[in-house]
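Enquirer: show me how the following folds:
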Amino acid sequence: MLFAVDIGNTNIVIAIHDGKDWVENWRIHSDAKKTTDEYYVLLESLSKHGKAKKYNIDRAVISSVVPNLTRAIEKNIKRLFDISPIMINQECITGLIPSSIPQQIGNDLLCNLAQAHNLHPLKNVMVVDFGTALTMSCVNNDGEVLGVSIAPGLITAVNSLFGNTAQLPQVELKKPKHVMGRTTDQSIRSGIMNGYAGLVESMILRTEAEYGIELHVIATGGLSNTICKEINRIDEVDMFHTLNGMKLIASLN
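Expert: Here you go, the predicted structure:
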């Protein structure tokens, strides 16, 4: 079984793959103030109550965009399962053209692009990842990384409004009934949901126009199911896309 840990700025996703399916997955808050021992207790507790028996786990992989947490998770995987995890970075075999990979690309985006090209090797693909940040990354049918676009994520935008304005409340992100709201809640929902739908659609069209290509668009990330129904150009939604990219890179390396 494969033990995968995707360390993001807001959450750490932990998942177990049995060779056919992701049989367990958990999401915990990323906290750089936690000690290595605190994370050990947390990981041990999750593994005890799931299917991560020590004798079942024979491989592990880590993708991280939070350097302060990387070492702690790596050390604890060694303690728990007595194996050294594959650390995803630009030196890994990904199936992409190495010289086309930007130096500063996040490891999560590297996983997204590797999986996208693996799934659709004959297509030009954009992966839209609705996380803490909204990222749109592209790979062409040759395996060449075209680049990445980054904007604040939906929750980040809502929290910014809530935290920096005296009279605007936090709202639940769901589809608004009208483009123009009649209450503050409706107005924020419309601005965020319709605005971000338009942002993504515009970036898809602009990318296609600039490169003279047609894009196959994959959506992933925690909020993808929330907003994708509002975006006409999404071809598929895969909540496990990044994890599948991690699994792919682990198998290639």
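
Enquirer: give me the helices and strands touching whichever helix or strand D6 is part of, please.
Expert: Under the assignment given by DSSP states H and E, the secondary-structure element containing D6 is strand 2-7. Helices and strands touching strand 2-7, by 3 or more C-beta pairs under 8 Å, 6 or more residues apart in numbering; DSSP states H and E, are strand 11-17, strand 59-64, helix 67-81, helix 241-252. (Glycine included, C-beta is placed from N, CA and C.)

Enquirer: just want the angle from it to strand 59-64.
Expert: In this structure, strand 2-7 runs at an angle of 10 degrees to strand 59-64, with axes from the mean of the first three to the mean of the last three C-alpha atoms, to 10 degrees as the basis.

Enquirer: nearest residue to the middle of the chain?
Expert: With the centre of the chain defined as its mean C-alpha position, the nearest residue by C-alpha atoms, centre = their mean is G221, 4.9 Å away.

Enquirer: before we move on, back to that, present the helices and strands packed on strand 2-7 as JSON lines; the columns should include mean neighbour count and mean pLDDT.
Expert: Written out in JSON lines, the entries for these read as follows (neighbours: other C-beta atoms under 10 Å; pLDDT from 0 to 100):
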{"stretch": "strand 11-17", "mean neighbour count": "21", "mean pLDDT": "92"}
{"stretch": "strand 59-64", "mean neighbour count": "23", "mean pLDDT": "95"}
{"stretch": "helix 67-81", "mean neighbour count": "17", "mean pLDDT": "92"}
{"stretch": "helix 241-252", "mean neighbour count": "22", "mean pLDDT": "96"}
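
Enquirer: out of these, which is closest to T207?
Expert: Smallest distance to T207 across these (C-beta to C-beta): 18.5 Å, for helix 241-252.

Enquirer: now do the strand holding D6: distance to the chain's middle.
Expert: Here the centre of strand 2-7 is set off from its chain's centre by 12 Å, with C-alpha atoms, centre = their mean, to the nearest Å.

Enquirer: just give the strands next to that strand in its sheet, each with its orientation.
Expert: strand 11-17 (antiparallel), strand 59-64 (parallel) (DSSP bridges).

Enquirer: in a markdown table, list those along with distance to N141.
Expert: Formatted as a markdown table, the strands paired with strand 2-7 follow (distance: least, C-beta to C-beta, whole Å):
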| stretch | distance to N141 |
| --- | --- |
| strand 11-17 | 27 |
| strand 59-64 | 24 |
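
Enquirer: for V41, find the nearest of these.
Expert: V41 lies closest, by C-beta to C-beta, to one member of these: strand 11-17, at 13.9 Å.

Enquirer: tell me which residues are up against the closest one.
Expert: Under the contact criterion C-beta atoms under 8 Å, 6 or more residues apart in numbering, strand 11-17 has outside partners 1-6, 22-30, 43, 46, 50-52, 57, 69, 73, 222, 240, 242-243, 247.

Enquirer: run the last query once more with 7 Å
Expert: Among residues not part of strand 11-17, those counted as contacts by C-beta atoms under 7 Å, 6 or more residues apart in numbering are 1-6, 22-30, 46, 50-52, 243, 247.

Enquirer: beyond the lengthiest helix in the chain, next helix or strand please.
Expert: The longest helix of the chain (DSSP state H) is helix 184-211. Proceeding N to C from helix 184-211, the next assigned helix or strand is strand 215-220, under DSSP H and E.

Enquirer: after that next one, next one along is what?
Expert: Proceeding N to C from strand 215-220, the next assigned helix or strand is helix 224-227, under DSSP H and E.

Enquirer: could I have the CA atoms of that next one written out in CSV?
Expert: Output in CSV follows, covering the C-alpha atoms of helix 224-227 (Å, rounded to 0.1, in the frame of the first residue of the first chain):
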residue,chain,number,x,y,z
SER,A,224,-14.0,22.3,-7.2
ASN,A,225,-17.4,20.7,-6.7
THR,A,226,-18.8,24.0,-5.3
ILE,A,227,-18.1,26.2,-8.3
